[in-house]
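Trainee: got a predicted structure plus its sequence, pasted below:
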Amino acid sequence: MKIRGLILAIIVGLVGLPQGASATIAAPPAGDISDNVEFIANIPEMKAAISINFLDDRMYVSTAHGVYAYDVTDPSAPLLLSAFPMYIWENEDVDIDVERKLLFISRDPRGFTSPASSGATFPYGAVHILDISNAAAITQVGFFTVPAGHTTTCVNRCDFVWSAGPYANAQTQPDFVGRPVYATDVTNPTNPIPCPDPIDTGRNDGVTDYAHDVQVDAAGVAWVSGAGGVRGYWTEGKHRNPLSGKIETATGCKPIPFAGGGTPDSATPSRFMHNAWRNVNTKVDGRKGDVLYATEENVVSDCATAGRFSIYDLKGSYNGEGWRNIEQTKFRMKVLDTWTPEGQDGSSGCASAHYLSDRGDGVLAYAFYEQGTRFLDVSNPRNIRQIGYYRPDDANVWAPYFHNGYVFIADFTRGIDIVKFGGSHDTVSVRAPIVPISNPLPMSKAFGYLCPLKKASSPF
C-alpha cells in the first residue's frame with residue numbers, strides 16, 4: 001500500500017471508532033527486548049506517529065495524518081478521546097501550552113500542501129494553534145505562515161514560539177544555506193505577531209545554516225540544534241551578553257547568547273545536530289550544569305557514519321566562543337563520550353540517533369530508528385552505558401517519552417508502543433543474538449523520509 005493510501009486508511013479507520021474506543025495490542029512483538037523492559041500495549045492505528053506530548057493523563061499524538069488525543073490513565077488500555085485529522089508534514093516535536101491548553105503544530109515548507117510533496121520546498125511553512133481544553137473536541141484557533149516550519153517550540157511559557165528548518169529557499173532566502181529560527185509572539189493566539197529578525201544566524205562556522213530544533217531546559221535556556229552544532233540562548237531576564245560585555249534584557253524576539261558552539265568531526269561525522277538537552281543538575285568533574293546531551297542525525301546504516309548520541313562539556317563556551325568570529329576560530333566544544341548501537345546487546349546493526357527523553361536520574365530513553373529504543377545510563381557523562389533495550393523486528397522509532405512511570409514510544413511503522421522500564425544504574429543488560437539486518441530503514445519516495453543532511457537530495 002502506498003503511503004498516501006495507508007494514511008487515508010488510517011483516517012477512515014479512526015473515524016469509524018466510537019469515542020472512547022481504541023484498538024490496542026497486548027502481545028509483545030517479535031524482536032529483542034531486555035528483561036527489565038515490560039511490554040504494556042501497542043496502539044496500531046497510530047501508524048505514522050511522529051511525536052507525542054502530554055497534558056495530565058491525556059496523550060496527544062502528532063502523526064502524518066493528524067493529531068489524536070488519548071486518555072492514558074490506564075496505559076494498558078488507552079482510550080481515544082478525539083481526533084483532528086489532516087495531512088501534516090512533519091511536526092517532529094509537538095509542543096503544548098499547559099496553562100492555556102493550546103497545542104502548536106508545525107508544518108514543514110516541504111509538506112505545506114500535503115505530506116507527499118517530496119522535493120518541493122516552498123518559501124514558507126506554517127503553524128497551526130489548536131485548542132485542546134475540551135478533551136472530546138480539538139479545534140483550531142490560530143494559524144499563521146512563517147519562513148520556516150520543520151519544528152516549532154514554545155519559549156517563555158509559550159508566549160513565543162520558535163520555528164526552525166529546513167534548508168533555505170533559493171528564491172526567497174538566497175543568502176542562507178539553511179533556514180534560521182523565526183520567532184513569533186503568540187500571546188494572542190488569534191493574532192500572532194512575527195519578530196522582526198531571524199535568530200541563530202551564522203551558526204555553522206559563520207554560515208547561516210539549517211537550524212533544526214529547539215529544546216528549553218529547566219533554567220529557561222533555549223538550545224538550538226542544527227548543522228554545525230548546538231547553541232543556547234537566554235530568552236527572558238537580565239543577563240550579561242558575552243558579545244557586548246553588557247547586562248541586557250533577553251526577550252523571545254531578541255535572545256542573549258548563553259553557551260554552546262560547534263561540534264567536532266571526530267565525534268559527529270556529519271556535524272548535523274538534531275536535538276539537544278541539558279539536565280541542569282548533571283555534573284562533570286564536580287561542575288553542575290556543564291553537561292549537554294546532543295543527537296547527531298545521519299540516517300544511514302553504516303556504523304562508521306550513522307548519527308550518534310554525543311555528550312559535550314560546556315566549559316569554555318560561556319564567553320561567546322560559539323558566536324564570536326567563528327568563521328575564523330571554528331570553535332568546537334569538548335566531547336565527553338559518544339554512543340551508537342553498534343555491537344550492543346539487542347542490536348541487529350546500526351542506525352542513526354533521533355530524539356531522547358530524560359528520566360531525571362541519569363537514565364535516558366533514546367530513539368535509534370530500526371534499532372529501537374535504548375535505555376542509557378549517563379550518570380557518568382564520560383562513560384555512556386546501555387542498561388536496557390526494546391527493539392521490535394519492525395521498529396522505526398522516532399521518539400520515546402517517560403510519563404508517569406511508563407515509556408510511550410512514537411514508532412512510524414508500529415504506532416504507539418507503551419512499555420515499562422525497570423532498570424537502574426546498576427543494571428547489566430544481557431546480550432541477545434546479533435542478527436544481520438535484513439530490512440534497512442526504507443526511504444519513502446512520497447515522504448522523502450527522515451532528516452537528512454545533503455541539501456541537494458534531502459527533504460529534511
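Mentor: Received the coordinates, thanks.
Trainee: going forward, measure contacts and count neighbours with C-alpha atoms only.
Mentor: OK.
Trainee: any stretches of the protein with poor pLDDT?
Mentor: For the chain, the stretches flagged by pLDDT under 70 are 1-22, 112-121, 425-460.
Trainee: quick one: the strands in the stretch 1-150 of the chain?
Mentor: 31-33, 37-43, 49-55, 58-63, 66-71, 79-85, 95-97, 102-107, 125-131, 139-146 (DSSP state E, counting those that start in this stretch).
Trainee: can I get those strands in CSV with mean neighbour count?
Mentor: As requested, the strands of the stretch 1-150 of the chain are exported to CSV (neighbours: other Cα atoms under 10 Å):
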stretch, mean neighbour count
strand 31-33, 20
strand 37-43, 20
strand 49-55, 23
strand 58-63, 24
strand 66-71, 23
strand 79-85, 21
strand 95-97, 21
strand 102-107, 27
strand 125-131, 22
strand 139-146, 17
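Trainee: need these in TSV with distance to Asn169, can you?
Mentor: As requested, the strands of the stretch 1-150 of the chain are exported to TSV (distance: least, Cα to Cα, whole Å):
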stretch	distance to Asn169
strand 31-33	42
strand 37-43	37
strand 49-55	24
strand 58-63	25
strand 66-71	26
strand 79-85	28
strand 95-97	25
strand 102-107	15
strand 125-131	11
strand 139-146	13
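Trainee: to Gly372, which of those lies closest?
Mentor: strand 31-33 (9.2 Å; Cα to Cα).
Trainee: neighbouring strands - and their directions - for that closest one?
Mentor: strand 385-392 (antiparallel) (DSSP bridges).
Trainee: the strand it pairs with: what's the following helix or strand?
Mentor: Next helix or strand after strand 385-392 toward the C-terminus (DSSP states H and E): strand 397-403.
Trainee: so what's Leu102 bridging to?
Mentor: Beta-bridge partners recorded for Leu102 (DSSP bridges): Asp97, Asp131.
Trainee: pull out the buried positions in stretch 360-369.
Mentor: Judged by neighbour count (16 or more other Cα atoms under 10 Å), stretch 360-369 contains these buried residues: 362-369.
Trainee: re earlier: looking at the strands of the stretch 1-150 of the chain, which is nearest to Cys303?
Mentor: Closest among these, using Cα to Cα: strand 31-33, at 19.4 Å.
Trainee: what about Asp302, neighbour count?
Mentor: Other residues lying near Asp302 total 14 when counted by other Cα atoms under 10 Å.
Trainee: hang on, it packs against Glu342?
Mentor: No - counting by Cα atoms under 8 Å, Asp302 stays clear of Glu342, with 9.6 Å between them.
Trainee: joint contacts of these two?
Mentor: Residues touching both Asp302 and Glu342 (Cα atoms under 8 Å, 6 or more residues apart in numbering) are Cys350.
Trainee: Asp97 and Cys158 touch, don't they?
Mentor: Yes - if you go by Cα under 8 Å, Asp97 and Cys158 touch, sitting 5.7 Å apart.
Trainee: one step back: just send the buried residues of stretch 360-369 back as JSON lines, with distance to Asp337 and secondary structure too.
Mentor: Formatted as JSON lines, these follow (distance: Cα to Cα, whole Å; DSSP: H, G, I helix; E, B strand; the rest coil):
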{"residue": "Gly362", "distance to Asp337": "15", "secondary structure": "coil"}
{"residue": "Val363", "distance to Asp337": "15", "secondary structure": "strand"}
{"residue": "Leu364", "distance to Asp337": "15", "secondary structure": "strand"}
{"residue": "Ala365", "distance to Asp337": "17", "secondary structure": "strand"}
{"residue": "Tyr366", "distance to Asp337": "15", "secondary structure": "strand"}
{"residue": "Ala367", "distance to Asp337": "18", "secondary structure": "strand"}
{"residue": "Phe368", "distance to Asp337": "17", "secondary structure": "coil"}
{"residue": "Tyr369", "distance to Asp337": "21", "secondary structure": "strand"}
